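>>> Here's my sequence, what's the structure:
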Amino acid sequence: MRFVIAALMATAGLLSPLSVHAESADVEAVITSVDTDRLSLSLDDGKSYQAPEEFNFEGLEAGVKVLVFYTEIDGKRVINDLEIVQ
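Residues are numbered from 1 along each chain as shown. Model (predicted):
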């Protein structure tokens, strides 16, 4: 039974349209700049992260340490969630 379930999961992963175009990850880093006009954050890892339109930038400024959960889509890192690290 476990073999059947594993085979089904492997097949679903191969056929999933998101598996080809998106990769989810997270990063813990310090904000270096915030651009609310372009809806983006730059972190001290040297990368830029795109925020969705409904994103709340309250409390985010240079020097704040954050944990960013993002999905990479077509080379852009799109923020799914963000937590301020105390």
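>>> Stretch 25-37: which residues count as buried?
Within stretch 25-37, the residues that count as buried by 16 or more other CB atoms under 10 Å are 29, 31, 34. Every residue, glycine included, has its C-beta placed from N, CA and C.
>>> and what of stretch 48-57?
Of the residues in stretch 48-57, those buried by neighbour count under the rule 16+ other CB under 10 Å are 49, 51.
>>> what's stretch 40-59 in contact with?
The set of residues that contact stretch 40-59 without belonging to it, under CB atoms under 8 Å, 6 or more residues apart in numbering, is 27, 29-36, 39, 60, 66, 68, 70, 76-79, 84.
>>> May I ask which helix or strand of the protein has the lowest mean pLDDT?
Among the helical and strand segments of the chain, the one scoring lowest on mean pLDDT, DSSP states H and E is helix 18-21, with a mean of 49.
>>> thinking again about what came up before, could you dump the buried residues of stretch 25-37 into TSV with pLDDT, secondary structure and distance to residue 50 added?
Formatted as TSV, the entries for the buried residues of stretch 25-37 read as follows, by pLDDT from 0 to 100; DSSP: H, G, I helix; E, B strand; the rest coil; distance: CB to CB, whole Å:
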residue	pLDDT	secondary structure	distance to residue 50
29	96	strand	15
31	97	strand	14
34	97	strand	13
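>>> Compile those residues into TSV and extend it with columns for distance to residue 44.
TSV is the format used below for the buried residues of stretch 25-37 (distance: CB to CB, whole Å):
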residue	distance to residue 44
29	5
31	8
34	13
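>>> quick one: the helices in the chain?
2-15, 18-21 (DSSP state H).
>>> Compare the mean pLDDT across those and name the weakest.
Ranked by mean pLDDT, the helices of the chain bottom out at helix 18-21, which scores a mean of 49.
>>> Which parts of the protein are strands?
In the chain, the segments counted as strands under DSSP state E are 22-35, 40-43, 48-50, 65-73, 76-84.
>>> and the ones you listed as TSV, adding distance to residue 56?
Converted to TSV, those look like this (distance: least, CB to CB, whole Å):
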stretch	distance to residue 56
strand 22-35	12
strand 40-43	12
strand 48-50	15
strand 65-73	13
strand 76-84	9
